[in-house]
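**Student:** need the 3D shape of this:
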Amino acid sequence: MLSQFARLDSSSLLFLSDLGIGKTSYARSLAWKPKRNGRAGLAVLARSTATSYRQDRLKKLSELAEDVIRTAINTGPRGVIRVAQGFEAVVSVGTEWLLEQTRNLSTVNNSRRDLQIGLPGPVQLRKLFERMGATYIKLGQFIASTPTLFPRDYVDEFQNCLDKTPGVPYSEIRAVIQEELGHPLDEIYEYIDPQPIASASIAQVHAARLKGSLKEVVIKVLKPAVEDILTADLNFLYIAASIMEFLNPQLSRASFVSIVGDIRDSMLDEVDFRKEAINIEAFNNYLEVMALRSQATAPQVYRHCSTQRVLTMERLYGVPLTDLKSIRSLVASPEATLISALNVWFGSLVACDTFHADVHAGNLLVLQDGRVGFIDFGIVGRISSATWVAIETFLSSISCGQYNAMAAALVQMGAADTEVNIGNFAKDLEKIFSAFQDLDSEILVTAAGRARGTTIAATLSVDERQLNALLLDVINVSETYGIRFPREFGILMKQLLYFDRYTRLLAPNLKVLEDDRIAIRHYHKNGHGNNGRGGPIF
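**Tutor:** Next up, the predicted model:
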């Protein structure tokens, strides 16, 4: 039979190969045929399969062409401009890299004739992304926060992808607010500070005071033209991914286009402040329903002066969760404050459709009344019931040091191509987590004074790299066993590791997963979002 397979014409053989059909498996599939008809039957079926494959490829080509045309129309002239800007950025970064390579070569001893120039790597790609602006900076941050999808070298390098850009002149920001709200600004605001509190790649934030009520607020404003640039860039990336997947069908097995599509949807959500407003209001509703308002809060959204490109919110005054000295001046027990933050955030995992997916120190404040303030809901995560069950087991196994249970939970959560040796997997995980316990917990706080004691910034010393190193180690060792995790696992684990570091500072003797004051083990994800609540496990 295999010899008959070998006699097929090269065209049929190529199409069968593209379909992933090998000689042995294909021959076995035809084993039922009578021997005298074997050669003819194989040839006929091969030609039929090849014809079907050609038809399918033509159909996909037609769909791709329609998608390209539709996306080009949606992008408009901005696409041509961005291509030109992209070419300029590539030339600029490429020139810098070549000059650097030339300098390196000139310092090498002439006797080393075997030295060759390597290909550009993660550093050059990060610089290119920063040069390209908002879209690619956000994409770089996505890479940095998604080690389940990207190589370790790139995840590490993109931790340095800076999302701090020069502020847009106030006159332009004022014009955006005026256009969006449709009323003279002095009818809405008593005062707007022309100096921005913060300026990132897509938005700029200004302090203000509302007319009449004199409530102090912050106004988050989408920078001019950012939405057009994002749309053009993301459409280009989506089309490029679609073309690559068409040219190399193997990429479809990794859901390449779907991943790019998810990135596009996620990033476009960030520039629609109406969605962030919904996230904030959902979180505040959760606090009300669960009677947690005395422990935590989130900014009130002022809908009458909020739109797709402008978000006006209550201004919260406080200090970051890493500023231990200031926290001690506000509350009697930093440990109790941390427990409140943990309970509120853990509760949102099971009671809400989405959870706050960026709980770094700047987004968790201890307010002057002692409550925990959650701010910046531009990035949220969603977790399925199935993943939650596995994560719950995973967390319990960490607290008990049960690495076999941890390994089994990770296997349950991920998708494994082959059977996993749980015992060996558990031993490798134990090595990783044992090393993590010895990490340095030193905290560096950088504060800038403002009215009413607002602290502008606080950072954990090399915290980002340590957290990502642990997560990457878990993911990498899992991949050696053929396990791949859903993106939501990486996002959730990153937040849990943040809380681990806060615990080391504020309550070093607290055992989060064993303490009865922390409710993580008392609820389960029921899959009903805001319409249902977690119920007792025991």
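**Student:** from here on, just use CA atoms for contacts and neighbour counts.
**Tutor:** Noted.
**Student:** what's the distance between the closest residue to Phe394 other than its chain neighbours and His206?
**Tutor:** Distances taken as CA to CA, 6 or more residues apart in numbering place Met406 nearest to Phe394, at 4.8 Å, with adjacent residues excluded. Distance check for Met406 against His206: by CA to CA, to the nearest Å, it reads 46 Å.
**Student:** so between those two, which is more surrounded?
**Tutor:** Counted by other CA atoms under 10 Å, Met406 and His206 do not tie: Met406 has more neighbours, with 26 against 20.
**Student:** which stretch of helix or strand covers that one?
**Tutor:** Following DSSP states H and E, the helix or strand that holds Met406 is helix 403-413.
**Student:** what mean pLDDT does that helix have?
**Tutor:** Per-residue pLDDT over helix 403-413 has a mean of 84.
**Student:** for that helix, name the packing helices and strands.
**Tutor:** Judged by 3 or more CA pairs under 8 Å, 6 or more residues apart in numbering; DSSP states H and E, helix 403-413 is in contact with helix 385-400, helix 422-436.
**Student:** next, the buried residues of the longest one.
**Tutor:** Neighbour counts using 16 or more other CA atoms under 10 Å place 387-397 of helix 385-400 among the buried residues.
**Student:** swap in the last one?
**Tutor:** Using 16+ other CA under 10 Å as the burial criterion, the residues of helix 422-436 that qualify are 422, 425-426, 428-430, 432-433.
**Student:** now render these as CSV, adding pLDDT.
**Tutor:** What follows is the buried residues of helix 422-436, written out as CSV (pLDDT from 0 to 100):
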residue, pLDDT
Ile422, 89
Phe425, 87
Ala426, 87
Asp428, 86
Leu429, 85
Glu430, 84
Ile432, 79
Phe433, 76
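**Student:** pipe those into TSV and attach distance to Arg174 per row.
**Tutor:** As requested, those are exported to TSV (distance: CA to CA, whole Å):
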residue	distance to Arg174
Ile422	59
Phe425	57
Ala426	57
Asp428	56
Leu429	53
Glu430	55
Ile432	51
Phe433	50
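**Student:** which ones are touching Asp473?
**Tutor:** Residues counted as contacts of Asp473 (CA atoms under 8 Å, 6 or more residues apart in numbering) are Ile432.
**Student:** grab the nearest non-local neighbour of Ser201.
**Tutor:** Ranked by CA to CA, 6+ apart and with sequence neighbours excluded, the top spatial neighbour of Ser201 is Ala134, at 4.7 Å.
**Student:** of the helices and strands packed on helix 403-413, which shows the lowest average pLDDT?
**Tutor:** Within the helices and strands packed on helix 403-413, the stretch with the lowest mean pLDDT is helix 385-400, showing a mean of 75.
**Student:** what packs against that one?
**Tutor:** Contact partners of helix 385-400 among helices and strands, from 3+ CA pairs under 8 Å, 6+ apart: helix 403-413.
**Student:** nearest to Ser306, of the buried residues of helix 422-436?
**Tutor:** Distance from Ser306 was checked for each of these by CA to CA. The minimum falls on Phe433, at 45.1 Å.
**Student:** distance of that closest one from Leu470?
**Tutor:** From Phe433 across to Leu470, the span is 8 Å (CA to CA).
**Student:** also Val155?
**Tutor:** Distance check for Val155 against Leu470: by CA to CA, it reads 12 Å.
**Student:** compare those two (neighbour count), which wins?
**Tutor:** Of the pair Val155 and Leu470, Val155 is the one with more neighbours under other CA under 10 Å, namely 25 against 18.
**Student:** tell me which residues in the helix or strand Ile278 falls within are buried?
**Tutor:** Remark: Ile278 resides in helix 273-289, with elements defined by DSSP H and E. For helix 273-289, a neighbour-count test (16+ other CA under 10 Å) marks 273-277, 279-287 as buried.
**Student:** what is the nearest of those to Ile173?
**Tutor:** Closest approach between those and Ile173, by CA to CA: Phe273, at 15.4 Å.
**Student:** identify the residues contacting the closest one.
**Tutor:** Applying CA under 8 Å, 6+ apart to Phe273 gives the contacts 307-311, 378.
**Student:** which pair in these spans the largest distance?
**Tutor:** So for the contacts of Phe273, where distance means CA to CA, the most widely separated pair is Thr307 and Gly378, at 14.4 Å.
**Student:** neighbours around Ala336, how many?
**Tutor:** Neighbour count of Ala336, defined by other CA under 10 Å: 15.
**Student:** tell me the pLDDT of it.
**Tutor:** Per-residue pLDDT puts Ala336 at 93.
**Student:** what's the answer for Val68, then?
**Tutor:** pLDDT recorded at Val68 is 62.
**Student:** can you offset everything so residue one is 40?
**Tutor:** New numbering, starting at 40: the last item is Val107.
**Student:** now do the buried residues in stretch 303-312.
**Tutor:** By neighbour count with 16+ other CA under 10 Å, stretch 303-312 contains the buried residues 303, 306, 309-312.
**Student:** equivalent analysis for stretch 440-450, please.
**Tutor:** For stretch 440-450, the neighbour count (16+ other CA under 10 Å) marks 442-450 as buried.
**Student:** which phi and psi does Ala396 have?
**Tutor:** With angles defined as degrees, to the nearest 10, Ala396 sits at phi -110, psi 30.
**Student:** got the contact list for the closest residue to it other than its chain neighbours?
**Tutor:** In space, Ala396 comes closest to Val419 once its chain neighbours are excluded; the distance is 4.6 Å by CA to CA, 6+ apart. Residues in contact with Val419 (CA under 8 Å, 6+ apart) are 318, 393-397.
**Student:** can you pull out the helices in the stretch 90-239 of the chain?
**Tutor:** Using DSSP state H, counting those that start in this stretch, the helices of the stretch 90-239 of the chain run over residues 117-145, 161-171, 173-183, 191-196, 209-220.
**Student:** got those as TSV, with mean pLDDT columns?
**Tutor:** Conversion of the helices of the stretch 90-239 of the chain to TSV gives the following (pLDDT from 0 to 100):
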stretch	mean pLDDT
helix 117-145	72
helix 161-171	81
helix 173-183	76
helix 191-196	78
helix 209-220	96
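**Student:** point out the most buried one among those helices.
**Tutor:** Sort the helices of the stretch 90-239 of the chain by mean neighbour count, taking mean count of other CA atoms under 10 Å, and helix 173-183 sits at the top with a mean of 22.
**Student:** tell me the helices and strands packed up against that one.
**Tutor:** In terms of contacts (3+ CA pairs under 8 Å, 6+ apart), helix 173-183 is packed against helix 161-171, helix 191-196, helix 265-286, helix 295-309.
**Student:** so which of the ones you listed is nearest Leu545?
**Tutor:** By CA to CA (comparing all of the helices and strands packed on helix 173-183), the closest turns out to be helix 191-196, at 27.3 Å.
**Student:** mind giving me the packing neighbours of the closest one?
**Tutor:** Taking 3+ CA pairs under 8 Å, 6+ apart as the contact cut, helix 191-196 packs with helix 161-171, helix 173-183, helix 502-519.
**Student:** pLDDT on the last one, on average?
**Tutor:** For helix 502-519, mean pLDDT rounds to 69.
**Student:** what is the helix or strand that comes right after it packed up against?
**Tutor:** Downstream of helix 502-519, the first helix or strand assigned by DSSP H and E is strand 522-523. Contact analysis of strand 522-523 by 3+ CA pairs under 8 Å, 6+ apart lists strand 454-455 as its packing neighbours.
**Student:** hang on, the earlier thing: distance to Ala279 added to the helices of the stretch 90-239 of the chain, as JSON lines?
**Tutor:** Listed next are the helices of the stretch 90-239 of the chain as JSON lines, based on distance: least, CA to CA, whole Å:
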{"stretch": "helix 117-145", "distance to Ala279": "13"}
{"stretch": "helix 161-171", "distance to Ala279": "17"}
{"stretch": "helix 173-183", "distance to Ala279": "15"}
{"stretch": "helix 191-196", "distance to Ala279": "20"}
{"stretch": "helix 209-220", "distance to Ala279": "32"}
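**Student:** which one, of those helices, ends up nearest to Asn274?
**Tutor:** When the helices of the stretch 90-239 of the chain are compared (using CA to CA), the closest one is helix 117-145, at 8.8 Å.
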